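> Got a predicted model here, sequence first, then my questions.
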Amino acid sequence: MPNGPCASPARGLSQFVSRHSAGRILCVRVSLLLCLCAGLTSAPLPEFGAVAAAAAPAAGEGKSAGPVVDLPVASWLLLGPVGVRLPAFSDTTGLARRAEVVLGTDYLDLERTLPTDGDRTSWQPGTILTWRKVETRDSAVVVASAREVTSLDTALVHVSHMACYVDCPRWQKLELVLKTRQRAAVYLDGKLVKRKNGATPGEGAPEEFSCELALTRDKHLLLVKTVFDRRDPENEWAVAPFLRLREDARRSAPVPSLSPAHRFSMDDMMKMRSVRQATLSPDGLRAALIVSEPDLKRNVYVSHLSVVDAKTGAEVYALKTDNGVSSPEWAPDSRRLAFVASAASDRDTERGRGGGADLWLVDLTTRNMEKLVSERMGLGGVTWSPEGDYLYFTAWERGSEVGGDTQGGGRWRPESKRPYEKLEELHERWEYWKHKSHLFVLSLESRTEVQLTTGEFTVGRYELSPGGEAVAFLRSIPVKARPFFETQLWRLDTRTLAID
């Protein structure tokens with residue numbers, strides 16, 4: 001390195017980094033300092049300068065417009081065209097806008113549609129459509145020739161759907177360009193991207209309609225919907241689709257495909273359903289399952305009840321709620337099923353808007369449902385008596401569900417002075433230490449509810465004797481020193497409440 005005012009500092013920094021490199025961030029920061037020193041002396045940069053030099057083009061890569069190229073998409077799956085009538089009793093004054101109404105109506109379940117060549121779609125009673133593979137002609141997909149357009153029923157609005165898959169090797173933004181005279185709407189993975197609400201008038205060339213697509217590293221479903229109305233010019237019904245991207249991004253351009261097969265992705269994992277609980281009926285003919293699936297709109301997992309035939313796996317009963325269900329328990333007669341359903345979402349419970357859970361009973365023969373217990377905190381551990389005339393369960397003691405803002409052990413209410421709970425000990429974080437869960441029994445004949453245990457302990461697991469005359473249970477007594485609770489085994493007579 002030549003001599004100069006910055007020569008010595010630059011050499012010192014380089015030696016410091018070589019001896020005390022603390023990671024990539026430090027290297028880049030030191031490289032910038034070295035660049036400044038080297039710039040003042042016109043000296044060659046140390047090896048760390050290569051990191052900054054390589055990173056600079058990448059930082060501006062997405063902002064550079066540069067020359068663009070249009071890549072035609074040659075193969076598509078086509079559904080239709082099919083005539084669509086407006087619903088009965090529609091306002092006739094809206095007939096002038098009927099094509100826009102049809103364009104804005106989603107006839108397919110777009111978020112679940114994954115078409116392949118030959119797939120059949122039941123459109124409406126008496127109308128079955130088939131997805132078929134078509135190739136572009138002069139870069140355009142011909143939905144209907146000019147001759148076919150003149151033969152379409154003028155009393156109807158006609159709609160068609162084109163679909164293809166694009167396999168994107170990396171995250172990128174590009175444009176989908178459609179050259180068409182028809183009204184059109186573009187969907188990416190079932191979500192609307194953009195609409196063209198008007199048809200191209202007269203005999204002019206097809207109008208260019210474009211929209212930006214943000215593609216992640218995955219295979220995406222691209223769907224184009226077009227609409228033809230009798231008021232439109234009777235030209236060829238065609239769509240010329242292109243992917244427009246920068247010339248320098250051509251090597252990483254998405255690859256079109258007609259197959260939905262793709263790599264397992266994070267989106268796939270987020271959509272997976274899982275069985276959280278499974279209970280076989282006493283006669284062995286049916287199984288009650290708690291199935292958990294994501295609600296992506298609310299960003300939560302929701303559990304629902306599914307009763308299936310144990311031999312065939314066919315679903316014979318299903319129940320979905322907004323906040324989920326759990327703990328299915330079969331009655332001894334294999335006909336009735338008890339389960340717990342959340343009475344409010346976790347967010348509502350945190351804000352003091354109700355909460356707890358409900359205990360429900362469903363008769364799978366009559367499909368009759370009845371709520372047995374309403375909005376009880378800590379509800380769970382449901383067990384049937386041997387004769388099926390009583391239900392045992394655990395829950396927090398009444399009166400302990402809502403307490404003060406710090407000492408009462410309950411959840412915070414909006415009227416509390418501060419929206420938080422002060423915790424001073426490690427064990428105070430555990431619900432079973434703050435709220436004592438006890439054993440209850442409910443008569444299904446009279447709906448009489450009796451509390452069987454009380455005290456400064458929590459009832460954990462319990463089991464009824466074969467005859468139902470006694471229950472063995474574990475009780476946990478909280479202590480302030482490790483291990484923070486002591487577990488004891490007790491026996492309770494269900495008739496006399498005698499314990500030993």
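Done, it's in. Just so it is clear, the model here is predicted, and its values are computed rather than measured. Residues are numbered from 1 along each chain as shown.

> make it CA atoms for all contacts and neighbour counts henceforth
Noted.

> how about the strands of the stretch 51-200 of the chain, start to end?
Using DSSP state E, counting those that start in this stretch, the strands assigned to the stretch 51-200 of the chain run over residues 68-72, 75-84, 120-124, 127-130, 132-135, 141-144, 157-167, 172-180, 183-188, 191-196.

> To clarify, my last question referred to the stretch 401-500 of the chain.
Counting by DSSP E, counting those that start in this stretch, the strands of the stretch 401-500 of the chain are 437-443, 449-451, 458-464, 470-478, 485-493.

> helices and strands around the last one, which ones?
Contact partners of strand 485-493 among helices and strands, from 3 or more Cα pairs under 8 Å, 6 or more residues apart in numbering; DSSP states H and E: strand 470-478.

> now the strand it packs on: mean pLDDT?
Averaged across strand 470-478, the pLDDT comes to 91.

> Let's have the strands of the stretch 51-200 of the chain in TSV, adding mean pLDDT and distance to L103.
Shown next, in TSV, are the strands of the stretch 51-200 of the chain (pLDDT from 0 to 100; distance: least, Cα to Cα, whole Å):
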stretch	mean pLDDT	distance to L103
strand 68-72	93	24
strand 75-84	95	11
strand 120-124	93	16
strand 127-130	94	18
strand 132-135	96	21
strand 141-144	94	16
strand 157-167	96	8
strand 172-180	95	15
strand 183-188	96	7
strand 191-196	95	8
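
> Would you format those strands as JSON lines with distance to L337 and mean neighbour count included?
Output for the strands of the stretch 51-200 of the chain, formatted as JSON lines (distance: least, Cα to Cα, whole Å; neighbours: other Cα atoms under 10 Å):
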{"stretch": "strand 68-72", "distance to L337": "58", "mean neighbour count": "16"}
{"stretch": "strand 75-84", "distance to L337": "45", "mean neighbour count": "20"}
{"stretch": "strand 120-124", "distance to L337": "36", "mean neighbour count": "12"}
{"stretch": "strand 127-130", "distance to L337": "40", "mean neighbour count": "14"}
{"stretch": "strand 132-135", "distance to L337": "47", "mean neighbour count": "16"}
{"stretch": "strand 141-144", "distance to L337": "54", "mean neighbour count": "20"}
{"stretch": "strand 157-167", "distance to L337": "45", "mean neighbour count": "23"}
{"stretch": "strand 172-180", "distance to L337": "51", "mean neighbour count": "19"}
{"stretch": "strand 183-188", "distance to L337": "42", "mean neighbour count": "22"}
{"stretch": "strand 191-196", "distance to L337": "39", "mean neighbour count": "16"}
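
> Any chance of those in JSON lines with distance to E463 as columns?
Output for these, formatted as JSON lines (distance: least, Cα to Cα, whole Å):
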{"stretch": "strand 68-72", "distance to E463": "69"}
{"stretch": "strand 75-84", "distance to E463": "59"}
{"stretch": "strand 120-124", "distance to E463": "52"}
{"stretch": "strand 127-130", "distance to E463": "56"}
{"stretch": "strand 132-135", "distance to E463": "60"}
{"stretch": "strand 141-144", "distance to E463": "68"}
{"stretch": "strand 157-167", "distance to E463": "55"}
{"stretch": "strand 172-180", "distance to E463": "59"}
{"stretch": "strand 183-188", "distance to E463": "54"}
{"stretch": "strand 191-196", "distance to E463": "51"}
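
> nearest to M269, of those strands?
Shortest distance between M269 and these, using Cα to Cα, is found for strand 157-167: 18.2 Å.

> That closest one pairs with which strands, parallel or anti?
strand 75-84 (antiparallel), strand 219-228 (antiparallel), strand 255-257 (antiparallel) (DSSP bridges).

> residues of the shortest one that come out buried?
For strand 255-257, the neighbour count (16 or more other Cα atoms under 10 Å) marks 256-257 as buried.

> go on, stretch 199-207?
199-200, 206.

> What of stretch 225-235?
For stretch 225-235, a neighbour-count test (16+ other Cα under 10 Å) marks 225-230, 232-235 as buried.

> quick revisit: A278: which of the strands paired with strand 157-167 is closest?
strand 219-228 (34.4 Å).

> contacting residues around that closest one?
Counting by Cα atoms under 8 Å, 6 or more residues apart in numbering, strand 219-228 makes contact with 99, 102-103, 114, 157-168, 182-190, 237, 260, 262-263, all of which sit outside it.

> and the angle from it to strand 183-188?
Here strand 219-228 points in a direction 170 degrees away from that of strand 183-188 (axes from the mean of the first three to the mean of the last three Cα atoms, to 10 degrees).

> I appreciate the help and will end here.
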